[in-house]
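> Build me a structure from this.
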Amino acid sequence: MADPAAKKLKKPAAPQADKGSTAAFLAAIGAEVRRNRAKRGMTRRQLAQASETSERYLAQIESGAGNPSVSVLRAIARALDLIPAALLPEGSVRPAAVGHMLDLLGQVPEADLPALVKDIEARVARTEHADRGRRIALVGLRGAGKSTLGRMLAQHLGWPFIELDRLVEEGYGASIPDLMEMAGTATFRRHERSALSRVIAEHEAAIVTTAGGIVADPETYALLLRRTHTVWIKARPEEHMSRVMAQGDFRPMAQNRQAMADLVAILDARRADYARAEAEVDTSGEAMEQSFAKLLRVAAEWIRP
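Take a look at the predicted model:
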C-alpha cells in the first residue's frame, strides 16, 4: 500500500499549456502580418527582403504555423513601418480606456458603425479646427480612374490638379520606385505627409489624387480626411486589374502568378479605410463620362464659392 505521506510530498503535475489559445494567438499574429502587408501592397517576397526574414519562414508566420521571436517580429514591424505591438492580436496590449471603448463598440449594431465613425471624426475635426476648404481628394487603388477623373474635375472647375506622388518625386529628386528602393517606405511616407501639408497650406481649392497606399499611414490619412473632402474612387477587382495592365503598370504584382489574389487581398485590407471617405464613386462597368457625372453630383456641395 502506498504511503499516504508520500502522496503529500509528491509535487503536483505542472499544468499543460493551453495549446488551443497559443495556436489562436499565433494565427492572429499571422493574420495581422498578412493584413498589414496587403494594406501596403507588398508581396511576401518584398516583405521578406525588407525584414531580412526568409520567405518560407514568413509564410509560416502568416499561416499561424510559425512562432516568431521578438527580434523577428520587430524586424517585420520595422519593414511595415509599424511598432511591434501593432502586430499583436487586438486587445493583447491596449490602454484600459481603449479596451473599454472597443467593448462598447462591440455592442453597437454593425449598421450604426459608419455613422459613429463619422461622429468621432467630426469631433476630432472640431477639436483641431479643421478646415477642408474646397480641396477634394480622390483615394483608392490604382486602376479605378482617380487620375483621369481628377484631371477632368480640375479642368471643369478651373482648379489646380495635384498628384501627390509627383510632388514627392519633385521634392526628393527621384521617382517613387527609386525613392522606395534607396530610402525605404518610411522615408516615402514622411515625404508624402510633408507634400500633403504643403498642398493644404498653399491651396484653398484644389483637386488632389493620392497613392492607393496612403491609408497605410494613419497620421497622413487622418490629415487627408480632416483637411480635404475625400472621395473613394472604386471598381471591381477585375476592372482594377484590366485597367492597370492596359496602362502597362503591373506593380506590385510583377512576376507574381497570384496577381489577382494579391489585388483582392490589398482591396480587402484597405476597404475599411477607403470607406472612411466622405463619399464613394463606383466606376465599374461605366464609361469615364458617366463616372465623371457621378463625381460632379457628389462634389456639388463642396465646390460652391
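> rest of the way, CA atoms for contacts and neighbours
OK.
> Longest helix in the protein, please.
Identified as the longest helix of the chain according to DSSP state H is helix 19-39.
> Please give me every residue in contact with residue 118.
When contacts are counted by CA atoms under 8 Å, 6 or more residues apart in numbering, residue 118 is found next to residue 276.
> In terms of helices and strands, where is it?
helix 113-127 (DSSP states H and E).
> can you give me the mean pLDDT across that helix?
Helix 113-127 comes out with an average pLDDT of 71.
> just to revisit the earlier point, which residues touch the longest helix of the chain?
43-44, 47, 61-67, 76, 80, 87-89, 213, 215-216, 262, 265-267, 269-270.
> Rounded mean pLDDT for that helix, please.
Averaging pLDDT residue by residue across helix 19-39 gives 87.
> Next: stretch 87-94.
63.
> mind listing what's buried in stretch 46-59?
Under the neighbour-count criterion of 16 or more other CA atoms under 10 Å, stretch 46-59 has 47, 48, 50, 51, 53, 55, 58, 59 buried.
> ok now it, how far from the chain's centre?
The gap between the average C-alpha position of stretch 46-59 and the chain average comes to 20 Å, counting by CA atoms, centre = their mean, to the nearest Å.
> do the same with stretch 183-200
How far stretch 183-200 lies from its chain's middle: 15 Å, per CA atoms, centre = their mean.
> neighbouring contacts of it?
For stretch 183-200, using CA under 8 Å, 6+ apart, the contacting residues are 79-81, 135, 164-165, 167-168, 171-172, 176, 179-180, 214, 217, 220, 224, 227.
> What's the ChimeraX syntax to select whichever of the contacts of helix 19-39 are buried?
Entered in ChimeraX, the line below selects the buried ones among the contacts of helix 19-39, by 16+ other CA under 10 Å:
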select :43,44,47,61,62,63,64,66,67,76,80,87,88,89,213,215,216,262,265,266,267,269,270
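> Run through the stretch 101-250 of the chain and note the low-pLDDT ranges.
Along the stretch 101-250 of the chain, the model assigns pLDDT under 70 to residues 101-103, 121-130, 247-250.
> need the helices for it, in chain order.
113-127, 146-157, 164-172, 176-183, 185-202, 218-227, 237-246 (DSSP state H, counting those that start in this stretch).
> Any chance of those helices in CSV with distance to residue 33 as columns?
Formatted as CSV, those follow (distance: least, CA to CA, whole Å):
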stretch, distance to residue 33
helix 113-127, 25
helix 146-157, 28
helix 164-172, 26
helix 176-183, 20
helix 185-202, 16
helix 218-227, 17
helix 237-246, 22
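> And residue 268, what's its pLDDT?
pLDDT, residue 268: 89.
> Whatever helix or strand it lives in - contacts with which helices or strands?
Element membership of residue 268 [criterion: DSSP H and E] is helix 259-274. Contact partners of helix 259-274 among helices and strands, from 3 or more CA pairs under 8 Å, 6 or more residues apart in numbering; DSSP states H and E: helix 19-39, helix 237-246.
> No further questions, thank you.
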